[in-house]
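> Sequence plus the predicted model coming up.
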Amino acid sequence: MRNENMDVESSICQGNEDSGPSESGIKIPDRMLKREQDRLEDVERKKEAKNSQSVTEEKSGFFTATFSSERATIEELLEGCSGATDRALATQTLEKVTTKTQFLQKFLNDSMVFLPQYELRQAQAALQKLQNSLAEKRDEILPKKKFAFRSRAANTPKVDTPAPPVTPKDSGRTKVDGAISPPEQCGFSHFEAQVLTKSGAEIKQQDVLLTHLTNCKVRLLGSPSTIHIKHVQNCEIFSGPVSSSVFVDHCTGSTLSFPCQQLRTHHTTDTQVYLHVTSRAIIEDCQGVRFAPFAWSYLGLDQDFKVSGLDRERNNWNQVDDFNWLALGTQSPNWSVIPETERRTEWDS
């Protein structure tokens, strides 16, 4: 009997050689201690994940409610402009819509970090629709001020100078197309092989439209609110700081350079973009788009940065979202970074 007791005690001692002490003096095997520690850590991780998910859902819910409310307000204001007879009141309403749209753009940019991809794309599409509606409403209401067209043409001697030597009838029509935009929607349209310039006073906090340009050099020496670039080929388009967004559509073989809050590029090929962007750049249905940091300079650039409200220290020029390439961790083949040895070093103004 004594031998059996000694065998049991010996077995217990051997089993506890790798065990840790407990408060009661009974030794607990290390593997059990580790298992309990792992269990507690797992519980804590799940708790943190649940809390984080809850916070994200709350933020997402707040974003959806706020965005929908602001969107409805903007749509109501735009609807109120339809058929307006009081031009001054309609213009004032459009200015209010512009301010609200810019706020909505900033609100969306600030919310990108926590929004699900699907919800982000839906919001961006809705915002784009609002901005297009705003541009259309301007075209509907403001171009009726025909007396401003002649004044506009007189203020752009650089554009009009080449007119006399070439087919007067056609070139005259082209000049009208390029100059009819009122101050609220200024820009250049239907030009070929021209140097086109806008001063800071002409574009300050204005929406600028650049469309149907071929082999042109465009210089925007100031701080516009928004730039729309559509149907351009083999052009150089340089701009000062854009306080909200730049929209590019159907651009081929061109060089673009500007600071902005957000860049959205569609149907663009073989184009270089020298960019300063404080949120992110987005491309869709693009190929051969290459990026480098913004490097163009002109007299007054520092002041225009202040006017735009852009953060000069924050530049996400190489953080590009390709909506046609959603494979995480894999570089999109549709865009790339311009090697330093190939970047442009000479800029004219």
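Done, it's in. These numbers come from a predicted model, not from an experiment.

> biggest strand in this protein, by residue count?
Counting by DSSP state E, the longest strand found in the chain is strand 255-277.

> how about low-confidence regions in this protein?
Residue ranges of the chain with pLDDT under 70: 1-27, 47-58, 83-84, 142-185, 328, 349.

> how's it carved up into domains?
In the domain annotation for the chain, the residue ranges read 52-142, 145-180, 185-342 (automatic domain parsing).

> Convert the longest strand of the chain to PDB, retaining C-alpha atoms only.
What follows is strand 255-277, C-alpha atoms only, in PDB (Å, rounded to 0.1, in the frame of the first residue of the first chain):
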ATOM      1  CA  THR A 255      -0.100  66.900 -69.900                       C
ATOM      2  CA  LEU A 256      -2.100  68.200 -67.000                       C
ATOM      3  CA  SER A 257      -0.800  70.000 -63.900                       C
ATOM      4  CA  PHE A 258      -2.700  71.400 -61.000                       C
ATOM      5  CA  PRO A 259      -3.300  71.300 -57.200                       C
ATOM      6  CA  CYS A 260      -6.900  70.300 -56.200                       C
ATOM      7  CA  GLN A 261      -8.900  68.700 -53.400                       C
ATOM      8  CA  GLN A 262     -10.000  65.800 -55.600                       C
ATOM      9  CA  LEU A 263      -9.400  64.500 -59.100                       C
ATOM     10  CA  ARG A 264     -11.800  62.300 -61.000                       C
ATOM     11  CA  THR A 265     -10.600  61.000 -64.400                       C
ATOM     12  CA  HIS A 266     -12.700  59.100 -67.000                       C
ATOM     13  CA  HIS A 267     -12.000  57.600 -70.400                       C
ATOM     14  CA  THR A 268      -8.400  59.000 -70.500                       C
ATOM     15  CA  THR A 269      -5.300  57.600 -72.200                       C
ATOM     16  CA  ASP A 270      -1.600  58.300 -72.500                       C
ATOM     17  CA  THR A 271      -1.800  61.300 -70.300                       C
ATOM     18  CA  GLN A 272       0.700  62.700 -67.700                       C
ATOM     19  CA  VAL A 273      -0.700  64.400 -64.600                       C
ATOM     20  CA  TYR A 274       1.500  66.500 -62.300                       C
ATOM     21  CA  LEU A 275      -0.700  66.600 -59.300                       C
ATOM     22  CA  HIS A 276      -1.100  68.000 -55.800                       C
ATOM     23  CA  VAL A 277      -4.300  66.400 -54.300                       C
END
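
> Where do the strands of the stretch 101-250 of the chain begin and end?
For the stretch 101-250 of the chain, strands defined by DSSP state E, counting those that start in this stretch occupy the ranges 185-192, 195-198, 207-214, 217-220, 226-233, 236-239, 242-252.

> Next SSE downstream of the longest strand of the chain?
Counting by DSSP states H and E, the next helix or strand C-terminal to strand 255-277 is strand 281-284.

> CA atoms only for that following strand - export them in CSV, please.
The C-alpha coordinates for strand 281-284 follow below in CSV (Å, rounded to 0.1, in the frame of the first residue of the first chain):
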residue,chain,number,x,y,z
ALA,A,281,-7.2,60.7,-57.2
ILE,A,282,-9.8,58.5,-58.9
ILE,A,283,-9.6,57.0,-62.3
GLU,A,284,-12.1,54.9,-64.3
